[in-house]
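# here you go, sequence then predicted model.
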Amino acid sequence: MTGQESGAPRDLYDWFAASAREHGGLVALEVGGERLTYRELDGLAVALAGEILTACGGRAPRRVGLTTTPGTSTYAACLAVLRLGSAVVPLNSSFPAARLTHIARTSGLDLRLVDHAPAPEVPDVPVLRLSADLLARLRQGEAVGEAPPRAEAPAGDAAYVLFTSGSTGTPKGVPVAHRSIDAFLRYVVDRYALGPGCRMAQNSGLAFDASVLEMFGAWGSGATLVVPRRGELPKPARFVAREGITHWFSVPSVITMADLTGGLGPGSMPSLRWSLFGGEQLTVQQAGAWRTAAPQSVVENVYGPTELTILSTQYRLPERVEDWPRTANGTLPIGRVYPHLDHRVVDDQGRPSDLGELLLRGVQRFAGYLDEDDNRGRFLDASGRPVKTTGRYAPDEEHWYRTGDLVRVLDDGLLVHLGRLDQQVKIMGQRVEIGEVEAVLREQGGIGQVAVVALRDGNGQTRLEAVYTGITRPAAQLRKALSERLPRYMVPLRFTHRAELPMNSNGKLDRLVLAQQLAAPQD
């Protein structure tokens with residue numbers, strides 16, 4: 001009896017290994033013009049695990065840094081690390097050396113795996129280079145030593161560690177346990193009917209937690225993971241049609257980019273069965289454009305902080321567009337929390353409310369940040385009181401995680417994401433939700449992506465500034481249009497047109513960089 005059948009949590013590697021046993025001849029991975037079956041990918045992972053063990057002096061490492069360049073070696077190495085019972089720490093090679101050094105030290109790396117691409121040096125961490133020669137040798141059965149035995153990781157151990165942006169400018173390490181990702185996969189593999197014959201797009205880099213859903217949603221069910229070529233993401237219809245993609249997950253910005261360039265023609269993605277969008281608010285306009293291009297696809301708006309293991313809410317759009325809900329900020333609901341998780345919505349006094357911060361807990365909740373200082377103020381006890389995190393944080397399943405996300409509860413219980421709590425500002429003593437201003441600006445004809453930021457002038461006064469892509473519109477015209485819908489204090493002082501908005505490494509709008517650009521002296 002397998003762990004899945006008995007109900008015991010499975011470690012992340014076992015999700016892949018079970019498919020390799022049952023579907024060994026099926027294609028597991030398509031990347032860079034190469035196809036690997038489950039049997040071939042498993043064999044390569046086993047051989048690489050032996051190389052890793054040798055590089056570490058015969059002892060399994062605790063945590064291994066892995067460069068995120070998509071390629072055969074990267075995916076095989078990820079599986080190899082998990083096979084040894086070790087935790088994967090994705091390292092984005094485009095990060096500055098100082099940031100990589102911080103990640104390496106905070107996570108306590110024992111080894112770094114790097115591919116052929118240049119990678120910044122990280123002091124005091126040995127390196128195993130995944131060269132083309134090494135891969136060729138391993139494929140020919142020329143491993144350094146014998147294949148190491150399979151090491152099953154305890155359910156509470158970290159399967160991977162991701163680093164999210166910190167409000168203080170220092171990245172925060174988020175370890176995600178095997179039991180958490182196991183609970184998540186059990187739910188989503190069934191919900192999205194994943195299995196042999198399905199083709200999942202790998203749109204996210206390994207440093208972004210959506211990649212775990214894409215990889216192990218496919219590999220945990222016998223489906224095929226298909227990696228697009230560099231630069232194909234802004235043109236999804238061409239990639240989806242050529243590769244027969246059935247399952248898609250991306251940030252909504254992809255829709256806007258594709259739609260503005262005419263890349264989402266009616267019925268242009270007939271193979272799609274499931275389309276998930278998360279990481280940003282999904283607007284009605286974006287969802288409508290995608291539905292037109294993929295009429296056979298179910299569309300879901302999903303939400304979840306990294307700390308709650310990828311996703312924790314879902315909203316499935318009704319079949320008829322006229323049945324889609326209309327919200328105050330023009331975005332679609334993030335829906336309801338997963339049935340195996342608990343949630344609360346509380347105001348700034350900690351009282352239950354229909355408008356406030358979303359609190360979450362349950363099996364998918366992480367057990368605290370790597371840096372103890374980052375845990376301060378992030379957890380509440382069962383009664384809603386702040387948990388003291390002096391010294392080592394002791395995780396308790398009854399503790400609530402404060403997401404920092406502002407939501408509204410609709411009459412039918414659906415949740416609407418209104419933005420981060422720190423995006424709520426006061427202007428002229430009035431509370432302003434940035435999302436509402438963005439929604440009205442987005443409705444103006446020819447407008448593409450939109451971002452509104454709050455800046456302080458030399459006198460300490462707060463002002464709003466708007467940046468948008470698409471067709472250039474006279475500022476006076478936009479100001480008049482918004483003044484017809486919004487109070488004066490909510491109308492941005494300045495409107496700036498850009499060819500594109502700054503994005504971070506995860507493909508999300510980088511509001512910090514944008515605010516810095518707007519605050520800089522103008523020529």
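Yes, it's here. All values derive from a computational prediction rather than experimental measurement.
# can you tell me how far Gly24 sits from Val81?
Computed as CB to CB, to the nearest Å, the Gly24 to Val81 distance reads 21 Å. (Glycine included, C-beta is placed from N, CA and C.)
# neighbour count: these two, which is higher?
Legend: neighbour count by other CB atoms under 10 Å for Gly24 and Val81, higher for Val81 (28 against 16).
# how about the more buried one, secondary structure?
The three-state label given to Val81 by DSSP: H, G, I helix; E, B strand; the rest coil is helix.
# contact partners for it?
For Val81, the contacting residues are Ala49, Ile52, Pro61, Val64, Leu66, Ala87, Val88, Leu113, taking CB atoms under 8 Å, 6 or more residues apart in numbering as the criterion.
# narrow those to those in strands?
Restricting the contacts of Val81 to those inside strands, with DSSP state E as the criterion, leaves Val64, Leu66, Ala87, Val88, Leu113.
# state the pLDDT value of the second one.
Translated: Leu66. According to the model's per-residue confidence, Leu66 sits at a pLDDT of 94.
# ok, the third one next?
Note for Ala87: predicted pLDDT of 97.
# what's the nearest residue to it if we skip its chain neighbours?
Once its chain neighbours are removed from consideration, Ala87 has its nearest residue in Ala158; the separation is 4.2 Å (CB to CB, 6 or more residues apart in numbering).
# what's the burial count for that neighbour?
By the measure other CB under 10 Å, the count of residues near Ala158 is 25.
# and the residue nearest to Ile334 when sequence neighbours are not counted, what are its bridge partners?
With CB to CB, 6+ apart as the criterion, Ile334 has its nearest non-adjacent residue at 3.9 Å, and that residue is Tyr303. According to DSSP bridges, Thr313 are recorded as the beta-bridge partners of Tyr303.
# how about the contacts made by Tyr303?
Counting by CB under 8 Å, 6+ apart, Tyr303 makes contact with Gly278, Leu311, Ser312, Thr313, Ile334, Gly335, Asp405, Leu415, His417.
# burial measure for the fourth one, as a count.
This points to Thr313. Using other CB under 10 Å, Thr313 has 25 other residues around it.
# do the same with the second one
Applying other CB under 10 Å, we find 23 other residues in the vicinity of Leu311.
# beyond the strand or helix carrying Gln449, next helix or strand please.
Counting by DSSP states H and E, the element that carries Gln449 is strand 447-456. Tracing the chain past strand 447-456, the next element assigned as helix or strand by DSSP H and E is strand 462-470.
# before we move on, back to that, which ones are touching the residue nearest to Ala87?
Taking CB under 8 Å, 6+ apart as the criterion, Ala158 is in contact with Arg63, Ala87, Pro175, Val176, Ala177, His178.
# list the strands paired with the helix or strand that contains the fourth one, with their directions.
Right, Val176. According to DSSP H and E, Val176 maps onto strand 172-177. Under the criterion DSSP bridges, strand 172-177 sits next to strand 158-164 (antiparallel) in its sheet.
# now do the partner strand against strand 63-67, angle only.
Using axes from the mean of the first three to the mean of the last three CA atoms, to 10 degrees, the direction of strand 158-164 lies 50 degrees away from that of strand 63-67.
# and the average pLDDT for strand 158-164 is what?
Rounded to a whole number, the mean pLDDT of strand 158-164 is 93.
# also stretch 378-385?
When pLDDT is averaged along stretch 378-385, the result is 91.
# equivalent analysis for stretch 302-322, please.
Averaging pLDDT residue by residue across stretch 302-322 gives 95.
# and the end-to-end length of that stretch?
Length of stretch 302-322, first residue to last, CA to CA, to the nearest Å: 20 Å.
# equivalent analysis for stretch 108-124, please.
10 Å.
# so which bits of it are buried?
Neighbour counts over stretch 108-124 (16 or more other CB atoms under 10 Å) mark Leu109, Asp110, Leu111, Arg112, Leu113, Val114, Asp115, Ala119, Val122 as buried.
# list the contacts of the third one.
Spelled out, it's Leu111. Ile52, Ala55, Cys56, Pro61, Val64, Gly65, Val125, Pro126, Val127, Leu128.
# now neighbour count too, for the residues you listed, in a markdown table please.
Rendered in a markdown table, the data for the contacts of Leu111 read as follows (neighbours: other CB atoms under 10 Å):
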| residue | neighbour count |
| --- | --- |
| Ile52 | 22 |
| Ala55 | 18 |
| Cys56 | 18 |
| Pro61 | 21 |
| Val64 | 28 |
| Gly65 | 25 |
| Val125 | 18 |
| Pro126 | 13 |
| Val127 | 14 |
| Leu128 | 18 |
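# looking at those residues, which is nearest Met257?
Lowest distance from Met257 to these (CB to CB) belongs to Gly65, with 30.9 Å.
# so what's that closest one bridging to?
The partner list for Gly65 in beta bridges (DSSP bridges) reads Val89, Arg112.
# again with His343
Assigned bridge partners for His343, using DSSP bridges, are Leu360.
# and which of the contacts of Val81 is nearest to Pro148?
Of all the contacts of Val81, the one with the least separation from Pro148 (CB to CB) is Ala49, at 5.3 Å.
# please name the nearest non-neighbouring residue to that closest one.
Across the structure, with CB to CB, 6+ apart as the measure, the residue nearest Ala49 apart from its sequence neighbours is Ala80 (4.2 Å).
# contacts only, for the one you found.
Ala80 sits in contact with Ala45, Val46, Leu48, Ala49, Glu51, Ile52, where contact means CB under 8 Å, 6+ apart.
# so how far is Val513 from it?
Spatial separation of Ala80 from Val513 under the definition CB to CB is 36 Å.
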